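Participant: build me a model from this:
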Amino acid sequence: MHGLVTKSTGSWYQVQTPEGLRLDCRIKGKFRIKGITTTNPVAVGDQVDFEMEPDQETGVITKLHERKNYIIRKSINLSKQGQIIAANLDQAFLVVTLASPRTSLGFIDRFLVTAEAYHISAMLVFNKLDLFSKEGLEILAEYRSIYQDLGYSCFEVSALKGTHVDDVVNALKNKVSLFSGHSGVGKSTLINRILPDLQLRTSSVSEWHDKGIHTTTFAEMFELPFGGFIIDTPGIRELGIVDIEQAELGGMFPEIRQYRENCRFKNCRHINEPGCAVLDAVESGEIAPSRYDSYLSIYHGNDTRA
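Facilitator: Presented below is the predicted three-dimensional model:
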């Protein structure tokens, strides 16, 4: 039998058949994907084959079909292993807030770099528009300018009030879309606004440390009535970069890709080399200083800060 993995709780997976039947399945014994060693061999969005267990209403996953792509994060525990967030995506949305909790530019950049590395189109959703002061709106305009100029679609919404949520809905149609972000940014509230019948659990931000409280504890895929799927994921505190060599990193920044061909040296690291076109672009303001700082942070391995 064949199906689509729609939920992952760690040891069990919910698999949906083409007829719409949903079954709980597990993996038997060692199940490893060639060339990938991650904490989870199967992820939401995967296409799998499975067999029913004798005299049971549960199944065993026997085969993983080849993936179009996947997005991965580095575990922040001691093992530092990678964790596949989701597979076979058309696009990924990062839900961002400027306060309560604050999403740093460095975190945004690490998410975008990860999406670039796995050839997934990424978009930013700036939420909690209803809470913005005049000063906050000016900062938002500055952030939006940085990323729109690089070709990333940006949305400004209030999931709570429903403001501009239709713009996000239009971008979701007939696509498989990942939703990610810190806990507390309003991801579940936004998905509830898009799919009111879901009634996902939401929670307020903890005033003690301005961090969101985890309300989503596992990845799950939801079918959209207008075509496509949303994959909701647990809130990410920190995002480690996986499998990107230092020499490849510049290629994950569109603005560095644009200027690096003009560097004097082909193997330029864009750090302190003479004749570096990227450094010249930073100096002249054509590359945003925050983006270049993110490049340096990831290059030197300081890549998990929130």
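Participant: pLDDT below threshold where in this structure?
Facilitator: 29-37, 75-80, 200-217, 237-240, 242, 302-306 (pLDDT under 70).
Participant: who touches residue 289 in this structure?
Facilitator: residue 282 (CB atoms under 8 Å, 6 or more residues apart in numbering). For every residue, glycine as well, the C-beta is placed using N, CA and C.
Participant: hmm, 10 Å instead?
Facilitator: Going by CB atoms under 10 Å, 6 or more residues apart in numbering, residue 289 touches 105, 146, 282-283.
Participant: from residue 301, how far off is it?
Facilitator: Going from residue 289 to residue 301 by CB to CB, to the nearest Å gives 20 Å.
Participant: just residue 12 next, same as before
Facilitator: Distance of residue 12 to residue 301, computed by CB to CB: 35 Å.
Participant: check what contacts the helix ranked longest in the chain and list those residues.
Facilitator: Ranked by number of residues, the top helix in the chain under DSSP state H is helix 134-148. Helix 134-148 is contacted by residues 96, 98-99, 103, 105, 108-109, 112, 122-124, 126, 128-129, 132-133, 152-156, 255, 287-291 when judged by CB under 10 Å, 6+ apart.
Participant: report the buried members of the residues you listed.
Facilitator: Among the contacts of helix 134-148, the ones that count as buried by 16 or more other CB atoms under 10 Å are 96, 98, 103, 105, 108-109, 112, 122-124, 126, 128-129, 132, 152-156, 255, 287-288, 290-291.
Participant: still on that earlier bit, from the contacts of helix 134-148, which land in strands?
Facilitator: Cross-referencing those against strands under DSSP state E gives 96, 122-124, 126, 153-156.
Participant: what is the nearest of the residues you listed to residue 172?
Facilitator: residue 123 (10.1 Å; CB to CB).
Participant: contacts only, for the closest residue to the closest one other than its chain neighbours.
Facilitator: Distances taken as CB to CB, 6 or more residues apart in numbering place residue 153 nearest to residue 123, at 4.3 Å, with adjacent residues excluded. Neighbour list for residue 153: 91, 93, 121-125, 147, 167-168, 171 [criterion: CB under 10 Å, 6+ apart].
Participant: in CSV, list the residues you listed along with distance to residue 223.
Facilitator: Shown next, in CSV, are the contacts of residue 153 (distance: CB to CB, whole Å):
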residue, distance to residue 223
91, 16
93, 17
121, 20
122, 22
123, 20
124, 24
125, 20
147, 29
167, 21
168, 17
171, 17
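Participant: which among those count as buried?
Facilitator: Burial by neighbour count, judged by 16+ other CB under 10 Å, picks out 91, 93, 121-125, 147, 168, 171 from those.
Participant: wait, which of those residues is closest to residue 259?
Facilitator: residue 147 (17.6 Å).
Participant: quick check: the gap between the closest one and residue 21.
Facilitator: Counting by CB to CB, the gap from residue 147 to residue 21 is 41 Å.
Participant: repeat that for residue 47.
Facilitator: According to CB to CB, residue 47 and residue 21 sit 15 Å apart.
Participant: tell me which of these two has more neighbours.
Facilitator: Looking at residue 47 and residue 21 with other CB atoms under 10 Å, you find the greater number of neighbours at residue 47, namely 17 against 10.
Participant: show me the contacts for that one.
Facilitator: The contact partners of residue 47, by CB under 10 Å, 6+ apart, come to 2-5, 15, 63-68, 87-88.
Participant: what is the nearest of those to residue 241?
Facilitator: Checking those against residue 241 by CB to CB gives residue 87 as the nearest, at 18.5 Å.
Participant: contacts only, for that closest one.
Facilitator: Shown in contact with residue 87 (CB under 10 Å, 6+ apart): 5, 42-47, 64-65, 67-72, 118, 176, 178, 231.
Participant: now, the residues you listed that are in strands?
Facilitator: Judged by DSSP E, strands contain the following of the contacts of residue 87: 5, 47, 64, 70-72, 176, 178, 231.
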